[in-house]
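>>> when you get a sec, could you give me coordinates for this:
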Amino acid sequence: MLEKQRRKFNLTSNRLNLDLVEWGNLISVYSIKNDANKIFFISQATGAFVIKMCQDIVPTYFATRLFQELEIPIPDIKILPFYNPEFKAMVYSMERLTLHDDTMRHIIRLSMDRPFVLLQEYIPAITLKKMGPLRAERCLSTNYADASSRLMNIGKIIAGDLFINNSD
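Purely as a prediction, here's the structure:
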């Protein structure tokens, strides 16, 4: 019997507004473990988003709202409690997507035993090494107006992370 292959998560996926998540249309799921938190990268045809299984959601929520108030560019978040019907749809869709991957389905089942999860906008990124010198110059050289703004935003993010003691 041929086993259905799950699509890999595309790291260059578009951002997806969290209000536009369609749980029935997921096409890929990818999981990483970040210290005590499990993180899932999810995509659908129109874009991607992140699901975080935070141990303590209050600091993450506070930091996000603080950064938004200070106009520091960060991904938007949405808290999804277990009693919300959308939570059940999320779990069902993720399990359906991993039907032929027992390991991933097991990881999902273990991770979803929480009172809430955090949905976060996915921000496509590329490492400087993979960017190449010409693109890096275009993105980071102050000779370009958008690069100056980008450098200012990077500085704001670093300062904000230092202020809240965010190590990731």
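
>>> can you confirm Gln120 is in a helix?
No. Applying DSSP: H, G, I helix; E, B strand; the rest coil, one finds Gln120 to be strand, outside a helix.

>>> the closest residue to it other than its chain neighbours in helix, strand or coil?
Using CB to CB, 6 or more residues apart in numbering and skipping the chain neighbours, the partner closest in space to Gln120 is Val50 (4.3 Å). Glycine gets a C-beta too; all of them are placed from N, C-alpha and C. Counting by three-state DSSP, the backbone at Val50 sits in strand.

>>> ok, now which ones touch Val50?
Taking CB atoms under 8 Å, 6 or more residues apart in numbering as the contact definition, Val50 lies against Ile39, Phe40, Phe41, Ile42, Pro75, Leu119, Gln120, Glu121, Tyr122.

>>> report the buried members of those.
The neighbour count (16 or more other CB atoms under 10 Å) marks Ile39, Phe40, Phe41, Ile42, Leu119, Gln120, Glu121, Tyr122 as buried among the contacts of Val50.

>>> the fifth one and Val21 touch, don't they?
Okay, so that is Leu119. Yes. In this structure, Leu119 is within contact of Val21 by CB atoms under 8 Å, at 7.0 Å.

>>> now do the shared contacts for these two.
Common neighbours of Leu119 and Val21 (CB under 8 Å, 6+ apart) are Phe49.

>>> what about Ala45, how many neighbours?
Per other CB atoms under 10 Å, the neighbour tally for Ala45 reads 11.

>>> likewise for Leu26?
20.

>>> verify the stated contact: it with Phe40.
No. Assessed by CB under 8 Å, Leu26 is found out of contact with Phe40, at 10.3 Å.

>>> which neighbours do the two share?
Common contact partners of Leu26 and Phe40 (CB under 8 Å, 6+ apart): Met94.

>>> okay, now the domains of this structure?
With domains defined by automatic domain parsing, the chain comprises 1-125, 129-168.

>>> how about low-confidence regions in the chain?
The chain contains residues with pLDDT under 70 at 1-7, 33-37, 167-168.

>>> would you map the strands across it?
With DSSP state E as the criterion, the chain has strands at 26-34, 37-44, 47-53, 77-81, 116-121.

>>> can you pull the buried residues of the fourth one?
Read it as strand 77-81. Buried residues in strand 77-81, counted by 16+ other CB under 10 Å: Ile77, Leu80.

>>> ok, now stretch 120-133?
Across stretch 120-133, burial judged by 16+ other CB under 10 Å covers Gln120, Glu121, Tyr122.

>>> show me the beta-bridge partners of Glu121.
Glu121 has these beta-bridge partners by DSSP bridges: Phe49.
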